[in-house]
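*Asks:* What shape does this take:
(chains A and B)
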Amino acid sequence: MAKLILTLEGSTIREVPLDKERIMIGRKPSNEIQIENLAVSGEHACIVTILNDSFLEDLGSTNGTLVNGNQIKKHILQNNDVIEIGKYKLKYLAEAPSGQAGGGDDFEKTMILRAPAKTAASSPKPEPAPAAKSANEPAPPAKPSTPPPTPMPTMPPSKPPVPTSAKPPSPDAAPAMAKPAEPHALAAVQILTGPSAGKELDLTKNLTTLGKPGLQVAVITRRPQGYFITHVEGAKFPIINGKMIDAQAQPLKDHDVLELAGVKMEFFIKK
Amino acid sequence: MMEMVTATHSGMVRSHNEDSIGADASIGLAVLADGMGGYNAGEVASGIAVAMISAEMKKALASADGALDVAAAENLVSEQTVRANSAIYQAAQNQAQYSGMGTTLVVALWHDNTLIVGHVGDSRLYRFRGNKLEQVTRDHSLLQEQIDSGLITKEQARHSQNKNLVTRAVGIDPEVEPEVHRHPVQAGDIYLLCSDGLNDMVTDEDMELTISSLQANLPLAAEQLVQQANDNGGRDNVSVILVRVLKSFPARSGFVDRLKSWFG
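*Replies:* Residues are numbered from 1 along each chain as shown, chains lettered A, B, ... in the order given. Below you'll find the predicted structure:
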């Protein structure tokens, strides 16, 4: 479970597990996290937790809420974010992947959110508990109709929806997109012949095309393993160090000489 | 009229591939499904969806013999999605090992100079036109709803842990609501259908760069997209279908059309 560590001038005051869907922060005693300080508004901010994500919202406080030094109105909390309210700091620690042995797997599964069965709209704070069924249940009960999923209102008072069906787990519970792995060194191509001789082209993108469209084009791809050249179009394939390559991607080495569309160029690793 | 290429890979982490793809340039149809459910149920669900929709659409289009208007084609996409839903749901009810299986789905039909796209879940269709890649479908996912409601920004969504929650799927409930839209098509358009294994691992900018750089060689572009997903970690199955519209494809050449083409 994610938690907040409340500190004042470096000393820890308390730890607050984010075990409720909505946790209020403010000066009044009604708040889950009460901070008795005049710089803190009565109801200063709140944190809504939906499944693995926690959202921080400033509730129009007088003195504002900072996250990592920046004033925010709404913010999705990332591990190790530091929330500042007056002189108080709250460090957000995301949930460690529970049980490396198995539980952590679940984070990567694609799951279905069931639309909640529509309840009577009489209750002032409807808490639509989505109809959920375990993926292990042999025969899920048929529902007469499927109401559309309720749109997620801002800071919804709803219970977290329960996943029901999942793609197979992956052992890696890392969130979000991995940054493309950077090759060890920046490389470039220097043109050796023709009107552009001497020109240098840094290979800063994942793909760089070379040649003349319609005549002959090759692409240099930057991958975690290094740089590769592949033929893209044209009757002729690129020549590397005097040898024509085939349709397969060819790894490039420092000082390889490439020839395409009649132009020679040198591939080299920049220091 | 069109060139279609496909590529699919189980990724770097998973042992089997639960994505299914189908592409038939002769009828202008591409179908991509990303299955979910224990054991091999996910690939059963996505397999049923792709096989059924491909076969039934082919039959329906053949029997209409080109005389199908766009509204009827839209209905066809919707109907076939509903039928696939029933088939998967029934299979899941009847066989315990398939219980709870389901699949996302994106169906694209190019008909009468129009693209008809139906989707359920978070598999996507993008259009590359004028050197820009644009997302055409909107995911049925918790994350998309959070973005729509202003709770989080697109940038924050990249770091969300809720990437994997879809709000609609085929085969989970007795009924399904496919989202079907039509879009005018231009010769030279390139369309990309993909499972979330691509767009979760590769940014839209890199997808655009890849298609833009390699548009002369679509099979290489498809291969490079999959490779980038895998180079970036390949945490999920990844599937892509690339479709290039070579020239316009009116449904029928009536007398007036033929007359126009003589003078055009």
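*Asks:* where in the chain is pLDDT low?
*Replies:* You didn't say which chain, so I picked chain A. Counting by pLDDT under 70, chain A has low-confidence residues at A:95-110, A:114-184.
*Asks:* actually chain B
*Replies:* Under the criterion of pLDDT under 70, the regions of chain B flagged as low confidence span B:38-39, B:66, B:252-264.
*Asks:* Check which helices and strands the lengthiest strand in it is in contact with.
*Replies:* Longest among the strand segments of chain B by residue count, using DSSP state E, is strand B:102-111. Packing partners of strand B:102-111 (3 or more CB pairs under 8 Å, 6 or more residues apart in numbering or on different chains; DSSP states H and E): strand B:29-36, helix B:41-64, helix B:70-94, strand B:114-120, strand B:124-129, strand B:190-194, strand B:238-245. From N, CA and C alone the C-beta is placed, and that goes for glycine too.
*Asks:* Quick one: check the fourth one for contact with chain A.
*Replies:* No. Strand B:114-120 does not reach chain A (CB under 8 Å from any CB of the partner chain); its nearest approach is 10.8 Å.
*Asks:* That strand pairs with which strands?
*Replies:* Here strand B:114-120 has these sheet partners by DSSP bridges: strand B:102-111 (antiparallel), strand B:179-184 (antiparallel).
*Asks:* One more: the last one?
*Replies:* According to DSSP bridges, strand B:238-245 forms sheet pairs with strand B:2-9 (antiparallel), strand B:190-194 (antiparallel).
*Asks:* ok, back up a step: and the helices and strands packed on strand B:102-111, which is most packed in?
*Replies:* The highest mean neighbour count among the helices and strands packed on strand B:102-111, using mean count of other CB atoms under 10 Å in any protein chain shown, belongs to strand B:29-36: a mean of 31.
*Asks:* Is that strand in proximity to chain A?
*Replies:* Yes. Judged by CB under 8 Å from any CB, strand B:29-36 and chain A are in contact via B:34-36.
*Asks:* buried stuff in stretch A:68-82?
*Replies:* With burial defined by 16 or more other CB atoms under 10 Å in any protein chain shown, the residues of stretch A:68-82 counted as buried are A:72, A:74-78, A:81.
*Asks:* Kindly indicate which of these lies nearest chain B.
*Replies:* When the buried residues of stretch A:68-82 are compared for distance to chain B, the smallest value, 4.6 Å, is given by residue A:76; criterion: CB to the nearest CB.
*Asks:* which residues does the closest one contact?
*Replies:* With contact set as CB atoms under 8 Å, 6 or more residues apart in numbering or on different chains, residue A:76 has these partners: A:53-56, B:151-152, B:156, B:159-160.
*Asks:* cool, and residue A:263?
*Replies:* Under the criterion of CB under 8 Å, 6+ apart, the contact partners of residue A:263 comprise A:191-194, A:196, A:211.
*Asks:* What about the residues you listed, which are in strands?
*Replies:* Of the positions in those, A:191, A:211 sit in strands, assigned by DSSP E.
*Asks:* who wins for most neighbours among the contacts of residue A:263?
*Replies:* Among these, the one with the most neighbours (other CB atoms under 10 Å in any protein chain shown) is residue A:211, at 21 neighbours.
*Asks:* what's the spacing between the residue lying closest to it once chain neighbours are set aside and residue A:235?
*Replies:* By the measure of CB to CB, 6 or more residues apart in numbering or on different chains, the closest residue to residue A:211 outside its immediate chain neighbours is residue A:217, 4.1 Å from it. The span separating residue A:217 from residue A:235 equals 12 Å under the rule CB to CB, to the nearest Å.
*Asks:* swap in residue A:55?
*Replies:* 57 Å.
*Asks:* higher neighbour count, those two?
*Replies:* residue A:55 (21 against 6).
*Asks:* is chain B contacted by the stretch of helix or strand that one belongs to?
*Replies:* For residue A:55, the element it lies in under DSSP states H and E is strand A:53-58. Yes. Interface with chain B: strand A:53-58 contributes A:53, A:55 (CB under 8 Å from any CB).
*Asks:* In the sheet, which strands lie alongside the next helix or strand after that strand, parallel or antiparallel?
*Replies:* For strand A:53-58, the following helix or strand on the C-terminal side (DSSP H and E) is strand A:65-67. Paired neighbours of strand A:65-67 in the sheet (DSSP bridges): strand A:70-72 (antiparallel), strand A:82-85 (antiparallel).
*Asks:* Since that was my last question, I'll sign off now.
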